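A.B. asks: Below is the sequence, then the predicted model.
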Amino acid sequence: MNYRLATLLLFFLPLVGWAQRPMIWVRADERTEILQRIQEYPQVGAYYESFQQRVAGDLARHAADPAAYLLALPFDLNARTPGAIPPLKTYLSFQGKDNEEQDVMQHYLHTGIDCAMLYWLTREEKYARYAADVLHTFVGGLLPLTPGIDHHNAGWIYSEDHLREAREIGAQLPIIYDFIHDYLVENGTVFDLGTGSAAMFNREGAQHVFRTYAKLAVEQGIINCNWPILEMPSLLHNTLALDDPAERAEWLKYVTETSTDHQDAFPKIAELYENYGGTWPESFGYAQHVSQNLTYILTVLKHYDPSSQFLNRYPAFVAALPQARYFTYPDGKQTILFGDGHRPYHPLRDGLEMAFHLAGLSENLGLREEVGALLAYEKEEAGYRRFQLPERDFGASVYREPLTMLWYEPEVDAPVGNYPLPVTDELPFAGITLQRNLSATGDPRDAFMYFVGGAGFVHGHASGMNMEVYGKGEVLGAKSGRSQYRTDIHENYYRLFASHNTVVVNGASQGDGGWVNLGIETVQREAAEPAPKMAALTDRYAFSTSSFQDNRGSGDPARQQRTMAIVRTTDTTGYYVDVYRSRTESPEQYHDYIYHNIGDDLRLSDGTTGADLRTKKDPNRFAASAHKFYKSNRSFRDPGWHFFDKVRTAAEYSDNVAATFEAKSLHTESVRMRVHLPGGEDRSYTSAMAPPSTESPAPYDKLPTPTLVVRKQGEAWDDPFVAVLEPGEGQAPSALSVQRIGETCCGIEVSTGPEADYRRQYILALDDTNARYVNADYAIGFRGRFALLDTDRDGRLLGLYVGEGQELSYQTSTLTFADGATGAAYVDLSGAEPVITSHYPLQFKHGGTTTAYKPKK
């Protein structure tokens, strides 16, 4: 038997009965359809031509001098053995020259994939020769190296970072092999850098490389986080590159069935989604990429085995993909910010494209409609240009650019999906409840939205019961953001209570346990009207109440409750109500209400006269935490407020206070937030400049953040923090005046509007659904949690709203739910007859008439 025949048999005999390659990104029988798309759709054809042009230079340089071209890879030439391909360099660093060399490796691998795919489409051997030489050279450069075992994240080329290597190197090599497999079978010869001449492709060496990378994914790294999903493409690619079907099936179990101490498989990942309400429990930047990666994995498996039903078994993997969009603010460009997330909304368009394609393969019409609508929105409203070849990017990610040609549908046959979104929504794992109120003007600057939340999770922050508020097109009351990981300011400020809009108890609130010792209890929603994803009773009002146990660390445990509401006064104006209760069982206690608002300055003034409060420098007020013991990712300088600068305090002040934040560089006119603070005893008011809110728009992402701190000596439950937040624009004076009513809390009177449309609104925010409020002076009685009375300047009732309660009375008008039930209702009295909206039967007495109301079924 001659050598050529023996070589062919070596390749052929094990392939009897095997699936024909390629089998990872596509199957062999899909080639004709892809070529037809290239020919029939100009946008796909232009993309294909761009692909060919991009590799032309590398092809020419390689063809002219393959030895010189391949020697540009980063080899350890000092360890070279005569006649053998030199070993590749190994790395511990990813900076400077090391990073430049790593980019060279990625460039060769990306170009190798491009050429391998182009060979499969065109059958032009120039592409196969390039791809085969690159693959053979990497195999030869890896074989002399010994993968690490002493580090939990040990790799092969990246000695202590398999997580990165799996994405940058491990996942790429099998794709090249898969596309040029038939060329290697039929030809078998490559340029060998060791001998400087033609040689047989080292198939056994390649199989060893694929097996090793699969083994690294299964035996290295950590679990119960996003690491296994980030490593999964390398595991899957290398598994599918194995030529022995029995071995391939065995390794595939580590993707679809069997978890290990270092790798999570589908069932365990699905359980995590299920335990967290169908959501990956990390901030959106991480969660979105997890879902995108899993969508990719499911799509590869669907191509590998069209009969597979993994999408039907694990729908949450893909359903969570567009979740970040559902938590955007009304401008559609910013998301709620929690944990190590980012503010700007960056839709993962590649993920949506893959999901649209997968839905088509799986005949899942519901998913296809949802994702198609989002893609259509991106295309029609957000400037997404499909089939545009970008510049090469060498980040820590799996190279998937050719999928644009292989998987993307030429056209998106779906209507545009757009706002509105639910008034109330939730993200339970993060303890988040949000409410939004869009304006009839359609202008995002006239919309309102807030969220309350907090929890311990991977990449979570010790936030306490945090909130954000939106106004005039911007997130004004914002979480402070983040900084570079492992820096002092990131660990001792941005991840701690003081960088959030929350309450610190006795100066000691902190995280403890959980991820990197930042664990806190999960904020719980106690009530909301409307309930999540349900229709609102009115487009004027909404409210929620959340609770939190501040019980970590060595400080006195505290019980906290936060009620927030949106009150719309006109199509362009309105305000937020924030009632924060906090107390411990200790006789000695104090509580600090912290509120950050982007801007240039903060002015504290008397809420009635407008006169500036007298403040004094107070540099030591928050300084003590700077001296606490600190160890990275373990012990922190809680609560982090030693980073506050220019601290000035007004001594205890019992009258109404106004805190006015002004941002002069957001829009043409200044944007302000006026925070009205009804007077109370045992309160002092502090202004400070906190570190920049790094996720806010320029220039405020780099400027100090004006911050208000209200300190309450003694408990703050029966006498809670009360704030009415009024966003505005321009130099117009405030449209509100705010004061408490009655001796007990919590009743607030808000006077609003110009002379022609003057309103006086009474807001009742109690701590329990069975709590009672009686104010004989104002002829108000209420049993419940939250209510609002809307009157004119003469006290005539114009409307009333019960967010949660049993009975509400004002003067001679009374609303009572049937059978003493707890319910919610809105009554509009602006017309000749009352207009009642409720999901509950009730009785309404007004103007001498009693109306028995039953909701329509």
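C.D. replies: Arrived safely, thanks for sending.
A.B. asks: where in the stretch 201-350 of the chain is pLDDT low?
C.D. replies: Of all residues in the stretch 201-350 of the chain, none has pLDDT under 70.
A.B. asks: quick one, strands of it?
C.D. replies: Secondary structure of the stretch 201-350 of the chain (DSSP state E, counting those that start in this stretch): no strands present.
A.B. asks: From Leu294, how far out is Gln589?
C.D. replies: Gln589 sits 47 Å away from Leu294, going by C-beta to C-beta, to the nearest Å. From N, CA and C alone the C-beta is placed, and that goes for glycine too.
A.B. asks: And those two? Which one has more around it.
C.D. replies: Applying other C-beta atoms under 10 Å to Gln589 and Leu294 shows that Leu294 carries more neighbours, namely 25 against 19.
A.B. asks: check contacts around the closest residue to that one other than its chain neighbours.
C.D. replies: Computed as C-beta to C-beta, 6 or more residues apart in numbering, the closest residue to Leu294 that is not its neighbour in sequence is Phe317, at 3.9 Å. Taking C-beta atoms under 8 Å, 6 or more residues apart in numbering, we find Phe317 in contact with Ile269, Ala270, Tyr273, Ser291, Leu294, Thr295, Leu298, Leu311.
A.B. asks: Using neighbour counts, trim those to the buried set.
C.D. replies: Ile269, Ala270, Tyr273, Ser291, Leu294, Thr295, Leu298, Leu311 (16 or more other C-beta atoms under 10 Å).
A.B. asks: Filter these down to the ones in helices?
C.D. replies: Among the buried ones among the contacts of Phe317, the subset assigned to helices under DSSP state H consists of Ile269, Ala270, Tyr273, Ser291, Leu294, Thr295, Leu298, Leu311.
A.B. asks: out of those residues, which one sits closest to Gly481?
C.D. replies: Proximity to Gly481 was ranked across those by C-beta to C-beta; first place goes to Ser291, at 23.4 Å.
A.B. asks: how far away is that closest one from Ala217?
C.D. replies: Remark: distance between Ser291 and Ala217 (C-beta to C-beta) = 19 Å.
A.B. asks: What of Leu235?
C.D. replies: Distance of Leu235 to Ala217, given as C-beta to C-beta: 4 Å.
A.B. asks: The two - which one has more neighbours?
C.D. replies: Remark: of Leu235 and Ala217, Ala217 carries more neighbours, 32 against 26, as counted by other C-beta under 10 Å.
A.B. asks: That one: what's it in contact with?
C.D. replies: His162, Ala166, Gly170, Glu231, Met232, Ser234, Leu235, Asn238, Tyr254, Gln263.
A.B. asks: same question, Thr850
C.D. replies: Thr850 sits next to Gln843, Phe844 when contact means C-beta under 8 Å, 6+ apart.
A.B. asks: again, only this time at 7 Å
C.D. replies: Contacts for Thr850 (C-beta atoms under 7 Å, 6 or more residues apart in numbering) come out as Gln843.
A.B. asks: Same check on Ala214?
C.D. replies: Taking C-beta under 7 Å, 6+ apart, we find Ala214 in contact with Leu235, Asn238, Thr239, Trp251.
A.B. asks: go on, Gly155?
C.D. replies: The contact partners of Gly155, taken as C-beta under 7 Å, 6+ apart, are Pro147, Gly148, Asp161, His162, Glu165, Leu216.
A.B. asks: is it true that the second one touches Ala154?
C.D. replies: So that's Gly148. Yes. Contact criterion C-beta atoms under 7 Å: Gly148 and Ala154 qualify, at 3.1 Å.
A.B. asks: Look up the residues forming beta bridges with Arg672.
C.D. replies: Beta bridges link Arg672 to Glu662, Gly728, judged by DSSP bridges.
A.B. asks: burial measure for it, as a count.
C.D. replies: For Arg672, using other C-beta under 10 Å, the count is 24.
A.B. asks: about what we covered before: and which of the ones in helices among the buried ones among the contacts of Phe317 is nearest Ala818?
C.D. replies: Tyr273 (40.6 Å).
A.B. asks: The closest one contacts Pro315, doesn't it?
C.D. replies: No. Using C-beta under 7 Å, Tyr273 makes no contact with Pro315, being 9.4 Å away.
A.B. asks: Which helix or strand contains Leu59?
C.D. replies: Assigning secondary structure by DSSP states H and E places Leu59 in helix 42-64.
A.B. asks: Show me how far that helix is from its chain's centre.
C.D. replies: Chain-centre distance of helix 42-64: 36 Å, with C-alpha atoms, centre = their mean, to the nearest Å.
A.B. asks: again with stretch 824-832
C.D. replies: With C-alpha atoms, centre = their mean as the basis, stretch 824-832 stands 39 Å off its chain's centre.
A.B. asks: Name the SS class of Leu121, please.
C.D. replies: Secondary structure of Leu121, reduced to three states by DSSP: H, G, I helix; E, B strand; the rest coil: helix.
A.B. asks: still on that earlier bit, and which of the contacts of Phe317 is nearest to Gln713?
C.D. replies: Nearest member of the contacts of Phe317 to Gln713, counting by C-beta to C-beta, is Tyr273, at 45.6 Å.
A.B. asks: Roughly how far does that closest one sit from Gly553?
C.D. replies: 31 Å.
A.B. asks: domains of the protein?
C.D. replies: 19-259, 424-740, 741-856 (the TED database).
A.B. asks: Tell me which of these sits most buried.
C.D. replies: Mean neighbours per residue, mean count of other C-beta atoms under 10 Å, is largest over those for domain 424-740, with a mean of 21.
A.B. asks: Between the two ends of that one, what distance do you get?
C.D. replies: 28 Å (C-alpha to C-alpha, to the nearest Å).
A.B. asks: In three-state terms, how would Phe191 be classified?
C.D. replies: strand.
A.B. asks: show me the contacts for it.
C.D. replies: By C-beta under 7 Å, 6+ apart, the contact list for Phe191 reads Pro66, Asp133, Ala198.
A.B. asks: who's it bridged to?
C.D. replies: Ala198.
A.B. asks: now swap in Phe844 and tell me
C.D. replies: Here Phe844 sits in beta bridges with Leu815, Thr851, going by DSSP bridges.
A.B. asks: Val827 is in contact with that one, correct?
C.D. replies: Yes. In this structure, Phe844 is within contact of Val827 by C-beta under 7 Å, at 6.2 Å.
A.B. asks: list the residues that contact both of the two?
C.D. replies: Common neighbours of Phe844 and Val827 (criterion: C-beta under 7 Å, 6+ apart): Leu815, Pro834, Ile836.
A.B. asks: Include distance to Gln731 and pLDDT when you put the residues you listed into CSV, please.
C.D. replies: CSV is the format used below for the shared contacts of Phe844 and Val827 (distance: C-beta to C-beta, whole Å; pLDDT from 0 to 100):
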residue, distance to Gln731, pLDDT
Leu815, 41, 99
Pro834, 40, 96
Ile836, 41, 98
